[in-house]
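Enquirer: coords please:
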Amino acid sequence: MPTSRAATPTTAGAVPFAGWRVAWAAFTVAVFGWGVGFYGPPVFLFAVHEARGWSIPLVSAAVTCHFLLGALVVARLPAIHRRFGVPGVTRLGGALSALGVLGWALAVAPWQLFLATAISGAGWAMTGAAAINAIVSPWFIRRRPAALSTAYNGASVGGVVLSPLWVVLIAAVGFPAAAALVGLIMAGVLWWLSTRYLAHGPAALGQVPDGDAPGGEPARAASRPAAPMPAAGLWRERRFATLVAGSTLGLFAQVGLIAHLLSMLVAPLGAERAGLVAGLMTVCAIIGRTGMGWVLRPGMDRRAAAAGNYGLQVVGSIVLLAAGGTDVALLLLGIALFGLGLGNATSLPPLIAQSDFAPADTARAVALITAVGQASYAFAPAAFGLLRTVDSAWLFLAAAALQVAAALVLLSGRQR
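Expert: Sure thing, here's the model as predicted:
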């Protein structure tokens with residue numbers, strides 16, 4: 001578990017700083033949150049289609065509803081956290097995810113499937129990006145980039161571990177039994193983590209963010225407004241509008257391209273090697289997110305860092321285009337470059353919000369950014385699918401254009 005000199009209490013007999021334990025607890029929440037709520041629905045789509053014989057468009061609509069309904073909950077997540085507390089909401093998220101996935105598996109009529117998406121979408125909202133930020137943020141100010149990168153890496157691990165595990169379990173024991181098993185484990189682990197590590201904040205343990213000495217003045221990440229904005233103020237704020245738009249454009253490009261990339265790799269690489277290459281992208285995402293988290297320091301321009309991250313993915317998209325679907329070396333290079341920026345699309349927006357807004361506004365800003373991005377990328381696979389019917393090259397051109405736009409929009413919102 002990573003620590004630093006600043007994160008270690010200096011007084012004899014003091015309770016060890018609990019922030020990094022919380023960050024690793026959030027990592028585990030992210031493993032299950034993304035492994036069930038984000039990477040699970042594409043697997044569930046085919047499982048439901050094969051078990052019930054329902055059309056792919058019908059079940060695809062259920063996947064879209066899962067993300068859209070989840071976005072509605074994400075937008076209200078700060079208020080839900082204030083009302084019920086982060087530990088209680090995290091427990092509820094694990095239980096709703098388990099119940100929702102079981103509903104996917106047991107649905108015998110389309111209306112039951114869509115009812116299940118409302119439950120699974122709420123569970124995903126309570127264990128996704130905004131939830132992870134809410135868990136970690138009270139414990140870190142100066143070292144929040146490193147802590148969030150640690151926690152969000154659980155999202156990538158969730159994809160690596162649970163995506164193939166879902167396929168294996170469904171083939172071995174059937175979708176209902178697989179859903180019950182994974183759901184029960186998720187609910188149990190998140191309940192235990194919430195009780196063991198999330199039940200108390202820094203003040204309750206006599207600690208301050210980053211493990212600094214109690215009574216000291218905690219370091220601030222950057223200059224921010226002293227007073228919080230009114231409820232509608234964020235939407236009129238240029239910094240917020242550009243952050244929402246830039247993050248949404250970047251996520252739309254990523255989700256849209258990734259949704260089709262694996263199937264496009266099967267022809268030149270074969271199914272088995274294509275799966276390994278997808279794993280390479282995930283490894284690169286972890287490397288890129290971890291590196292960015294530990295390199296960012298207080299006072300650094302986080303919007304410029306995000307723009308550079310999108311620039312790296314633009315290069316990756318162009319290299320994939322140049323590969324022409326046949327040059328294996330260029331395919332691998334493009335996937336590595338694209339993958340290095342993949343994880344930062346999730347972890348950088350909360351860090352930009354931390355720098356740009358007062359602490360009282362940050363959680364609300366992150367929740368709204370996540371909600372808008374999720375509601376938008378729910379349609380990305382379908383949009384990129386239409387481009388693919390014209391020419392597969394348009395996928396890479398569209399991804400590059402959207403990432404250029406995301407970088408420019410983010411830079412336009414920098415404080416002068």
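Enquirer: Let me see the backbone angles for G325.
Expert: The phi/psi pair for G325 (degrees, to the nearest 10) reads phi 80, psi 0.
Enquirer: The closest residue to it other than its chain neighbours: neighbour count?
Expert: Leaving aside its sequence neighbours, G325 sits nearest to P268 (C-beta to C-beta, 6 or more residues apart in numbering; 6.0 Å). For every residue, glycine as well, the C-beta is placed using N, CA and C. Each residue near P268 was counted by other C-beta atoms under 10 Å, and the total is 16.
Enquirer: Give me the phi and psi for P268.
Expert: Dihedral pair for P268: phi -80, psi -20, per degrees, to the nearest 10.
Enquirer: Tell me how far stretch 285-305 lies from the chain's centre.
Expert: 16 Å (C-alpha atoms, centre = their mean, to the nearest Å).
Enquirer: my bad, should have said stretch 283-291
Expert: Put simply, stretch 283-291 sits 14 Å off its chain's centre (C-alpha atoms, centre = their mean).
Enquirer: Same check on stretch 47-54?
Expert: With C-alpha atoms, centre = their mean, you get 28 Å for stretch 47-54.
Enquirer: One more: stretch 359-371?
Expert: 14 Å.
Enquirer: what residue ranges in the stretch 51-200 of the chain score low on pLDDT?
Expert: For the stretch 51-200 of the chain, no stretch has pLDDT under 70.
Enquirer: So which residues of it form helices?
Expert: In the stretch 51-200 of the chain, the helices defined using DSSP state H, counting those that start in this stretch lie at 56-75, 77-84, 86-106, 110-125, 129-136, 144-173, 175-196.
Enquirer: Please parse this protein into its domains.
Expert: Residue ranges for the domains of the chain, per automatic domain parsing: 16-205, 233-412.
Enquirer: Between the ones you listed, which one is closest to D212.
Expert: Among the domains of the chain, domain 16-205 comes nearest to D212, with 8.3 Å by C-beta to C-beta.
Enquirer: circling back to that earlier point, among the domains of the chain, which comes closest to G211?
Expert: Closest among those, using C-beta to C-beta: domain 16-205, at 3.5 Å.
Enquirer: What's the end-to-end length of that closest one?
Expert: Chord length of domain 16-205, first to last residue, is 10 Å (C-alpha to C-alpha, to the nearest Å).
Enquirer: show me what contacts D327?
Expert: Listed by C-beta atoms under 8 Å, 6 or more residues apart in numbering, D327 has no contact partners.
Enquirer: Phi, psi for it please.
Expert: With angles defined as degrees, to the nearest 10, D327 shows backbone torsions of phi -80, psi 100.
Enquirer: and if you look at R143?
Expert: phi -100, psi 20.
Enquirer: looking at it, it is touching T150, isn't it?
Expert: No - counting by C-beta atoms under 8 Å, R143 does not reach T150; the two are 9.9 Å apart.
Enquirer: which of those two has more neighbours?
Expert: More crowded of R143 and T150, by other C-beta under 10 Å: R143, with 27 against 24.
Enquirer: packing partners for the host helix or strand of G339?
Expert: Assigning secondary structure by DSSP states H and E places G339 in helix 328-340. Applying 3 or more C-beta pairs under 8 Å, 6 or more residues apart in numbering; DSSP states H and E, we find helix 328-340 packed against helix 238-269, helix 271-295, helix 302-323.
Enquirer: Next up, the contacts around T290.
Expert: S149, T150, N153.
Enquirer: dump the residue contacts of the last one.
Expert: Remark: with contacts taken as C-beta under 8 Å, 6+ apart, N153 is in contact with F27, A30, I286, R289, T290, G343.
Enquirer: what sits against the last one?
Expert: When you say that, I think you mean G343. S149, Y152, N153, A155, S156, A285, I286, G288, R289.
Enquirer: Got a quick PyMOL command for the buried subset of those residues?
Expert: Paste this into PyMOL to select the buried members of these, with burial taken from 16 or more other C-beta atoms under 10 Å:
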select buried, resi 149+152+153+155+156+285+286+288+289
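Enquirer: Specify which member of the contacts of G343 is nearest to A105.
Expert: The shortest gap between A105 and any of these belongs to A155, at 23.3 Å (C-beta to C-beta).
Enquirer: quick one: the closest one and Q374, what's the gap?
Expert: For A155, the distance to Q374 equals 13 Å [C-beta to C-beta, to the nearest Å].
Enquirer: picking up where we left off before, hmm, which two among the contacts of N153 are most spread apart?
Expert: Within these, two members stand farthest from each other by C-beta to C-beta: A30 and T290, at 13.7 Å.
Enquirer: what ranges of the stretch 201-350 of the chain fall below the confidence cut-off?
Expert: Within the stretch 201-350 of the chain, the stretches with pLDDT under 70 are 213-232, 271.
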